[in-house]
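**Q** Please find the sequence and the predicted model below.
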Amino acid sequence: MAFVTLTGLDLIYNAVHRAVWDAFCANRRADRVPISFKVLPGDHEYPKCRTKRTSYEWYIPKGILKTGWMNKHLNLVPALVVVFYELDWDETQWKEKQSECATRVEIVRQSLQGRNTKVAVVLIQKKTPLPPGEDVIASERAAALCNACDLSGKSLFVLPHTDHLVGYIIRLENAFYEHAQTYYYTEIRRVKSHKEFLNKTTHQLLFVRHQFKIAFFSELKQDTQNALKNYRTAYNLVHELRAHETNMLEIKTMAGFINYKICRLCFQHNTPLDAIAQFRKHIDLCKKKIGSAELAFEHAAWMSKQFQAFGDLFDEAIKLGLTAIQTQNPGFYYQQAAHYAQERKQLANMLCNHDSSVTHPIPDPLETQSGVLDFYGQRSWRQGILSFDLSDPEKEKLGILALQLKERSVLHSELIITLLSNAVAQFKKYKCPRMKSHLMVQMGEEYYYAKDYTKALKLLDYVMCEYRSEGWWTLLTSILTTALKCSYLMAQLKDYITYSLELLGRASTLKEDQKSRIEKNLIKVLMNESPDPEPDCDASAVKTSQKLWADRVSLAGSNIFTIEVQDFVPFVQCKAKYLAPSFHVDVPVQFDIYLKADCPHPVRFSKLCVSFNNQEYNQHCVVEEAYQKSDILEQSSQGTMCLVPGKTRKFTFIFVAKTEDVGKKVEITSVDLILGSETGRCVILNWRGGGGDAASSQEALQAARSFKRRPKLPDNEVHWDSLTIQASTMIISRVPNISVQLRHEPPALTNEMYCLIVTVQSHEKTIAKDVKLTAGLKPGQDANLTQKTHVTLQGTEMCDDSYPALLPDIPVGDLQPGEKLEREVYIRCGTVGTRMFLVYVSYLINAVVEEKEIICKCHRDETVTIETVFPFDVAVKYVSTKFEHLDRVFADIPFLLMTDILSASPWPLSIVNSQLQLSASMISVDQLESYVENVVLQTGESASECFCLRCPPVTDSQGGVATGRYIISWKRSSAADSVPVVSTVITLPHVIVESIPLHVNADLPSFGRVRESLPIRYHLQNKTSLVQDVEVSVEPSDAFMFSGLKQIRLRILPGTRQEMLYNFYPLMAGYQQLPSLSINLLRFPSFTNQLLRRFIPTHIFVKPQGRQGDDASIAAA
Amino acid sequence: MERIALLSPVCSPRLQNYPLYIRSVPTENELKFHYTVHTSLDVVDEKISAMGKALVDQRELYLGLLYPTEDYKVYGYVTNSKVKFVMVVDSSNTALRDNEIRSMFRKLHNSYTDIMCNPFYNPGDCIHSRAFDNMVTSMMMQYVK
């Protein structure tokens, strides 16, 4: 940022000046020009400019870059000094004010002697200026003022103190910025001009210095491209310098500095790959430049710093929108920084382990007169000396010693932990969970070294499960070992025991002797003694911890520890196994607990107990043995309570299940193994469920896949791998010893009282009490079936909808051994379809299990599937009196209703009765009596009935006229008399009734005889309320002669009838066509002869002549 | 310096990345090597999930350089059955270029296939095979001098 100072502003006593300054400072966002402002008094002394040398010939530089240089140009030497002065154009005392202003400018100029810093004047005015060119006085006076102050017109500004202050300020600012740019440009030119005088031999350092300065000025000028270019050149020049042990630090410091600048600019230019490449190059170049071997930690510190700085830059760039990836993120740099910090710590430990008698040398070689170094990266005791030979080796030694002693006071662990936690945060972001875990382990270890054991344990404990769940046992063992040390040093009993348990377990990769040592310690802890210290622990820490342990031992109480071993890999494995997946309630439940120890020495335990989901069983499943303390280490394997390493121990438990648990699962919820005793210390290993731990599921899987033949073992031993955990069993009811038989005649017929005979016979040895029968529709079927199925025990009356579908728990009484019992169940099915029926018989019986008497509830159930079918199909049809099919009937004209009952039942049906219930709109022509009463129908047989009906005219026959109902009363022929008769109601179909204008019917004998007169009377009836004109004609027929009106036209009054008499005289025998009557209604052309033929016969049977003349004809023959 | 690790296939959801075979020359600082191999799985997992969509037979088994550290280069290889091979090589070993690494992985893969063909080998068990040991040893001898 360009540096601009403002003078002549009185911030304390002048509100206007204050407002101006605030407008400069406030809201400096990215859209404002990059300037850093500072208010200074007008007579401020700026750093003196040294006289410029005209020749570099004899000049030998003392170092690369002065330490104060950058600060000087950032904060001390301005690019522009602005003089604020309150002056209006119409000021009355213009002359005086003008000369005062000129004086002020002069003072500033004086103090900037020799510098190229620009000076500008800002006039603070109360009035708003007129547009340029209009105010003549203003332009005149402005010119005069410029003249007086020796300023160019461009350096004089006017700041009207009006409402638009911020707007004016921003314009001013931009103008200042331009001046500052020019200033830095001239500075760059000036530095560049020195280059010509330099030569490669003596001025190598100056090449770097000048290049750096150019780059730095470019940066101030906001010319980042050129800055980057110049920094790169400077960087290359740094590495061209002759390096020696004495100036290595200086070179590295400068290189690091320039590298930082380059990387920062690269990130700023959004070229992160360039930044990374530059950094890699930088590290590769500098990695080996260790410098003085005695100060190697300094190099490690420097390397760490490089990585950390780059990490910070990278992270900063990400915050500004750069995207990083999993394999390239700041985390790696922080991690590497941490790595070097660790190296630094090691080197420091190695190089700085001076005797405590060695004291800091006096006078302190690190002290300088000014308190700071003149040049970056030089040794304080030999500043500005460029010679590679050490003029004063003694002094050098003292200096190194002082640095080494100083290094001792550095809190390395803190540095390392900070860097690691930075890295952890990054890796968390970039999906590297394992890297994160690894770094957390390192953090934990570092805390351990820093003796912050609580934090160490917390971190280690946190990551342990990740390594455990991925099965990296080597890594887990290493973490556990550190954790064990921590818990030992803090005398954390529970943690100590937990880690010991796992380090002794099969997942641990420790050597046998280590395991043996840990086990012995564990046993000591169990006996309430202090364990031996862990190896490689800090001696003083061990001493404190021993005291802690001693306190623990003396502390009474709280010595019982429950450790949930499910989630790690303890040294005792446990598997619980029920002998069967289910047990009958009258059989004792058996299960085995298998235990196996993986530790080097046999281990004794005091108690083994099992917990169940029903806690009543817990008391039955305990193995306990009091033992003497001294027995623990005894090598004998005889004791039941001793686990021999590698051997599988089996404990069998038996208990009697409670009857209320029938139908439930009895689950092993936990297995507790108690080590130690209540008197000493007591550790409860608690397995949730039926045992198993973090590694066992994988082992079980591998074992299941393996084809390996297992060596044969003695009879009572089993292979651990072949055991599977079975932690729950089902208690099921006792096997019933009764038989249930069902007798019935399927299929069921719709709506009948279907009889199901249930026979129950007891085969029990003792009396079966409280026998209950449940019968009916099996639950869980279609809900509609429940509505349409009814069950009853009473077969004598029809059951209605109020009856249930299932009759539960009908008490039947007791059943003696061998006794048989029969019950009839009647089922009425309202719809056809398949139904499942359940017959369930339950009873109580006494049983003896393990000398315990229990009352068992037994039951047997039978299900039966019954199909329901229609008993018969009923077909109804309407026919005319001539038995012709009718699709409609005519009002007042009789017709026939025919019913057909076709038996569909496989069993004979007795039709008790049938009944026709006519609706009001129908009239029967003759008596309605049943013709099928007491008829028995076999399968496939059918019974028909016929009724003659008449329908009076209806006003509205749209949609037909209801006929009525046909009711059939029936039962199975096989059904007992008490079984009620079923009435099946069939609703008859509607018929369409049509009225007809003229009804014609004929009165004629049933047959004629040849040559005998056949009188036929036609009745013509007018059914309308109109007078009908009728044309009647008779077509002659070959078979008849006839007498009567052959053709007539007549009128029939409404409602009246007309008779027409014809005398036909048959000529031929046989079924002969009658002379056809044709009627033509003039008013109703639609009344055709076709229709007519429905009512009157067209043919008649004519018998041959009678026998009277027979003799004569025979005689004639 | 060269170290080789062979990691488990995905056989159980819980323990899918445990080491089947791990070998290091020289043996000092072995723990650090184990950690390096373990952390490299982050990248392997990520690469596998990224290529998950690609057709199996078109997939490149060689995952290339997983990530560079100051001292080592870590290379990865994953078979179609998701057995992961990880190789850690000293950064300064310039004799090993991509091609050599690739062929070494292929050799390892072949040798591993031989093990799998052994009817007595139970997939998922740690590898205790003399033939495999010898192959790895000769490979290390060949490239590491």
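**A** The structure has been received and is ready for your questions. This is a predicted model, so every value here is computed, not measured. Numbering: from 1, shown residues only, chains lettered A, B, ... in the order given.

**Q** Go ahead and confirm A:L76 touches A:P47.
**A** Yes - using C-beta atoms under 8 Å, A:L76 makes contact with A:P47 at a distance of 5.2 Å. Bear in mind the C-beta positions are built from the backbone N, C-alpha and C, glycine included.

**Q** Looking at chain A, which residue is nearest chain B?
**A** Of all residues in chain A, A:G471 sits closest to chain B, at 3.0 Å by C-beta to the nearest C-beta.

**Q** Need the pLDDT of that residue.
**A** Per-residue confidence (pLDDT) for A:G471: 82.

**Q** Number of residues surrounding it?
**A** The tally of other residues near A:G471 (other C-beta atoms under 10 Å in any protein chain shown) stands at 21.

**Q** With the one 4 residues further on instead?
**A** Residue crowding around A:L475 was assessed by other C-beta under 10 Å; the count is 25.

**Q** you'd agree it is up against A:Y467?
**A** Yes - A:L475 lies in contact with A:Y467 (C-beta under 8 Å); the separation is 4.9 Å.

**Q** Quick check: longest helix in chain B by residues?
**A** Ranked by residue count under DSSP state H, the longest helix found in chain B is helix B:30-51.

**Q** contacting residues around the helix or strand that it is followed by?
**A** Next helix or strand after helix B:30-51 toward the C-terminus (DSSP states H and E): strand B:62-68. Residues from elsewhere that reach strand B:62-68 (C-beta atoms under 8 Å, 6 or more residues apart in numbering or on different chains): A:327, A:332, B:40, B:43-44, B:47, B:73-78, B:86, B:91, B:98, B:101-102, B:105.

**Q** Just these: which are in helices?
**A** A:F332, B:S40, B:V43, B:V44, B:K47, B:D98, B:I101, B:R102, B:F105.

**Q** which of those residues has the most neighbours?
**A** Top of the ones in helices among the contacts of strand B:62-68 by neighbour count (other C-beta under 10 Å): B:S40, with 27 neighbours.

**Q** shouldn't it be in contact with B:V74?
**A** Yes - with contact defined as C-beta under 8 Å, B:S40 and B:V74 form a contacting pair (4.6 Å).

**Q** returning to what we had before: just send the ones in helices among the contacts of strand B:62-68 back as TSV, with distance to A:E867 too.
**A** Output for these, formatted as TSV (distance: C-beta to C-beta, whole Å):
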residue	distance to A:E867
A:F332	78
B:S40	70
B:V43	68
B:V44	65
B:K47	65
B:D98	77
B:I101	76
B:R102	73
B:F105	70
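
**Q** tell me the contacts of A:V77?
**A** A:F3, A:Y46, A:P47, A:R115, A:T117.

**Q** Residue of chain B closest to chain A, please.
**A** Taking C-beta to the nearest C-beta, chain B has B:Y18 as its residue nearest chain A, at 3.0 Å.

**Q** give me the number of residues near A:R171?
**A** Neighbours around A:R171, by other C-beta under 10 Å: 13.

**Q** what helix or strand is it on?
**A** helix A:165-194.

**Q** A:K261 now?
**A** Assigned by DSSP H and E, A:K261 belongs to helix A:248-268.

**Q** Give me the mean pLDDT for that helix.
**A** Here the average pLDDT along helix A:248-268 is 90.

**Q** and that helix, how far out from the chain's middle?
**A** Relative to its parent chain, helix A:248-268 has a centroid offset of 48 Å by C-alpha atoms, centre = their mean, to the nearest Å.

**Q** Tell me the residues of the stretch 701-850 of chain A that contact chain B?
**A** Within the stretch 701-850 of chain A, the positions near chain B by C-beta under 8 Å from any C-beta of the partner chain are A:L701, A:Q702, A:R705, A:S706, A:F707, A:K708.

**Q** so who does the fourth one touch?
**A** Same thing as A:S706. Taking C-beta under 8 Å, 6+ apart, we find A:S706 in contact with A:D721, B:N122, B:D125.

**Q** can you do 10 Å?
**A** Going by C-beta atoms under 10 Å, 6 or more residues apart in numbering or on different chains, A:S706 touches A:D721, B:F120, B:Y121, B:N122, B:P123, B:G124, B:D125.

**Q** Which residue comes closest to residue 42 once chain neighbours are left out?
**A** Using chain A. Spatial nearest neighbour of A:G42, chain neighbours left out: A:T7 (4.4 Å); criterion: C-beta to C-beta, 6 or more residues apart in numbering or on different chains.

**Q** try chain B instead
**A** Of all residues not flanking B:D42 in the chain, A:C432 sits nearest, at 4.2 Å (C-beta to C-beta, 6+ apart).

**Q** And for the one you found, the neighbour number?
**A** 28.

**Q** Can you name the residues that contact it?
**A** Each residue near A:C432 by C-beta under 10 Å, 6+ apart is listed here: A:326-327, A:329, A:331-332, A:423-424, A:426, A:438-439, B:39-43, B:45-46, B:67.

**Q** That concludes my questions; thank you for your assistance.
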